[in-house]
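Enquirer: Generate coordinates for the sequence data below:
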Amino acid sequence: MSRTVAFVRGAVILAVACVVCQPVLAQVTLISNLDGNDGIQSADLNDTRNKGMGFTLPAGDDYTLDYVTMRLETAAGIAPIVQLWSNAGGVPGAAIETLTNPSFASSGIANYDFTSSGTTLTAGETYWIVAYGPAGVTGYDWKASSPAQIPTGIASHLGATFDTNGPPPTTTSSIICSYSVTASLVGGGDADIEVTKTGTTTGPATGVYTIRVDNLGPDDATGVAVTDALPGGVSYVSDDCGGVPGSPWTWNVGGLVAGAFDVCNITVSVIDFGDTVNVAEGTGNENDPDPGNNISTAQLPAYGGPIPTLGGLGLLVLIGVIAGSGLVLLRRLH
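Expert: Next up is the predicted model:
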């Protein structure tokens with residue numbers, strides 16, 4: 001091999017290695033009520049009919065907006081306009097950014113991601129997601145749940161507005177549309193979140209998944225959470241860490257200082273031991289220098305039944321059998 005080829009190959013390997021080893025800025029869901037139940041309520045939107053959903057960030061951290069996910073019922077030819085707006089006295093104030101549209105299906109209900117150019121969301125501030133459409137274009141429905149499902153998350157739900165006179169929507173609305181806001185923490189430290197999971201069978205139809213989450217540092221971690229989509233072969237019974245049942249099951253660990261860990265045990269009933277492979281994933285607000293250890297998989301072993309034991313009478317019988325066998329052997333030898 002020539003020195004030139006060796007140098008190029010080495011440079012390529014080094015470049016790839018540097019890309020792989022870059023810290024990953026953790027994305028977090030600021031607020032969400034997806035998927036909802038697609039009830040009879042929805043916001044029918046066009047150039048005049050417009051809808052707003054407001055949320056307020058907590059104090060402390062700024063975030064970079066990544067994308068907004070909306071649950072829409074679409075039709076051929078739609079062209080939604082989805083924008084980030086500032087707040088003015090509890091209603092949308094002024095447009096900050098128009099998000100980039102995804103591709104839409106010609107019919108049906110689905111979740112669609114509207115991408116941001118990277119607008120900074122300032123700690124403690126209130127923002128609005130405002131949706132409508134251009135004139136002369138087919139309208140669309142922003143789906144909602146019945147009864148209403150209030151969005152939750154790091155941010156807090158402010159309210160919903162609606163108007164039929166074009167944006168901004170300024171009339172309070174009771175229809176809570178289904179959406180989520182995904183963002184990345186600005187200027188966070190480095191916290192390596194590691195998840196380890198094991199499975200133990202405790203009976204013919206019961207088992208326990210044990211999840212351990214560690215902060216390997218070097219910095220303290222905030223907003224640590226573990227999600228676990230339990231497989232179809234088991235049914236959730238309980239846990240010992242205040243987890244939130246659902247799909248997925250969620251454990252809001254919160255803060256973990258560097259070097260600390262926490263453990264949770266999920267008790268399940270087993271329907272099918274052939275379908276117990278389970279994956280847990282941990283996330284935090286900070287940059288994670290090794291995201292490869294955020295996920296751990298475990299399986300419940302098939303139930304082997306209790307180990308048989310001998311009672312007092314059984315032990316005497318066994319001793320008698322052994323003694324009798326010994327006498328027979330001695331007689332044969334003589």
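Enquirer: can we go C-alpha only for contacts and neighbour counts from here?
Expert: OK.
Enquirer: Pull up the distance across stretch 230-238, start to finish.
Expert: Its first and final residues considered, stretch 230-238 spans 12 Å by Cα to Cα, to the nearest Å.
Enquirer: scratch that, stretch 240-254 is what I was asking about
Expert: The first and last residues of stretch 240-254 sit 15 Å apart, counting by Cα to Cα.
Enquirer: element containing the closest residue to Thr227 other than its chain neighbours, please.
Expert: Excluding the flanking residues, the one nearest Thr227 by Cα to Cα, 6 or more residues apart in numbering is Thr250, at 4.5 Å. Following DSSP states H and E, one finds Thr250 within strand 249-256.
Enquirer: list the buried ones in that strand?
Expert: 249-253, 255-256 (16 or more other Cα atoms under 10 Å).
Enquirer: Show me what it is in contact with.
Expert: Strand 249-256 is contacted from outside by 214-215, 220-230, 241-244, 262, using Cα atoms under 8 Å, 6 or more residues apart in numbering.
Enquirer: Going toward the C-terminus from it, what's the next helix or strand?
Expert: Next element after strand 249-256 (DSSP H and E): strand 261-270.
Enquirer: Helix or strand next in line after that next one, which one?
Expert: strand 278-283.
Enquirer: Paired strands for that following strand, with orientation please.
Expert: strand 221-228 (antiparallel), strand 295-298 (antiparallel) (DSSP bridges).
Enquirer: contact partners of the shortest one?
Expert: Around strand 295-298, the neighbours that count as contacts under Cα under 8 Å, 6+ apart are 194-199, 209, 277-282.
Enquirer: Give me the buried entries from these.
Expert: 194-199, 209, 277-282.
Enquirer: from those, which has minimum pLDDT?
Expert: Taken together, these show their lowest pLDDT at Asn278, with 90.
Enquirer: That one contacts Gln299, correct?
Expert: Yes: contact criterion Cα atoms under 8 Å: Asn278 and Gln299 qualify, at 6.1 Å.
Enquirer: Work out the gap between the helix or strand Thr69 falls within and the centre of the chain.
Expert: Element membership of Thr69 [criterion: DSSP H and E] is strand 63-73. Its chain's C-alpha centre and that of strand 63-73 lie 15 Å apart, by Cα atoms, centre = their mean, to the nearest Å.
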